[in-house]
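> quick one: sequence plus predicted model below, questions after.
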Amino acid sequence: MKDNRIMLTGFMGSGKTSVATALARELNYPFLDTDKYIEEREGMSVADIFAQRGEAYFRTLEHRITFDLMKDFSAVISSGGGYILTDAVYQQAASNFNLVFLDTPFEVCLGRIKTDQSRPLAAARTDEELLKLYNYRRGVYRARSDFSVDGSQKLLSDIVNEIIQKLR
Ligand code: S3P
């Protein structure tokens, strides 16, 4: 049953957390961010989990929390950029959430992630490498999400309204 459950997907820096927060407020649904949830559960930042336990371990944590995300009948979830990239996670997410791809241009994402040290995958890559990752992942987000919304719109409320209209 996924009618009232919405999950934002998209690249690092695409604006998933801001949009999901505003959407949850508008719909009056609970909001949850997968990275924050993992950080609270583990008592460690995502950056420290990557540094101390490695990316593969982080991906198992993403998998482990999938059932917790379904406890609410209604919810808006902001997922980490790699969340639906793992097949088993994607399958769970797709059957329980409306997956909404926030399609934001690379330059916008890059501008945000370059000034933020909390993203280990971005910190370890050059701009060219990030562009390659972006192009590859964009195809996956599009294929795996129920629909896309234009993340370059200036007003958060316009993005939120587009999502609400497309969900109808
Ligand atoms: C990741 C994105 C991050 C976080 C982790 C890995 C990714 O979340 O989950 O650093 O693989 O793209 P954001 O998309 O919120 O930056």
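Yep, it's here.

> going forward, measure contacts and count neighbours with C-alpha atoms only.
Fine.

> what residues does the chain put near the ligand?
Counting by C-alpha under 6 Å from any ligand atom, the positions of the chain adjacent to the ligand are Phe11, Met12, Gly13, Asp35, Gly80, Gly81, Gly82, Arg119, Pro120, Leu121.

> mind checking which of these are in helices?
Under the assignment DSSP state H, the residues of the chain next to the ligand contribute Asp35, Pro120, Leu121 to helices.

> among these, who's most crowded?
Neighbour tally across those (other C-alpha atoms under 10 Å): the maximum, 19 neighbours, falls on Asp35.

> ok, now which ones touch Asp33?
By C-alpha atoms under 8 Å, 6 or more residues apart in numbering, Asp33 lies in contact with Thr17, Ile77, Ser78, Ser79, Gly80.

> returning to what we had before: switch the residues of the chain next to the ligand over to CSV; also include distance to Asp48 and pLDDT.
Below are those laid out as CSV (distance: C-alpha to C-alpha, whole Å; pLDDT from 0 to 100):
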residue, distance to Asp48, pLDDT
Phe11, 20, 98
Met12, 17, 97
Gly13, 19, 96
Asp35, 12, 97
Gly80, 15, 98
Gly81, 17, 98
Gly82, 17, 98
Arg119, 10, 90
Pro120, 9, 87
Leu121, 12, 88
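
> and of those, the nearest to Ser148?
Using C-alpha to C-alpha, Phe11 comes nearest to Ser148 of the residues of the chain next to the ligand, at 12.6 Å.

> dump the residue contacts of the closest one.
Gly81, Gly82, Thr104, Cys109, Tyr134, Arg137, Arg138.

> wait, which of those is closest to Ile163?
Nearest to Ile163, judged by C-alpha to C-alpha, of the contacts of Phe11 is Thr104 at 14.3 Å.

> just give the closest residue to the closest one, not the sequence neighbours.
What sits nearest to Thr104 in space, not counting adjacent residues and going by C-alpha to C-alpha, 6 or more residues apart in numbering, is Gly151, at 4.3 Å.

> what count of nearby residues applies to that neighbour?
Neighbouring residues of Gly151 were enumerated by other C-alpha under 10 Å; the total is 22.

> now do the phi/psi pair for it.
Main-chain dihedrals, Gly151, degrees, to the nearest 10: phi -80, psi 0.

> tell me the contacts of it?
Contacts here follow C-alpha under 8 Å, 6+ apart; on that basis Gly151 touches Ser14, Gly15, Leu102, Asp103, Thr104, Pro105, Ile159.
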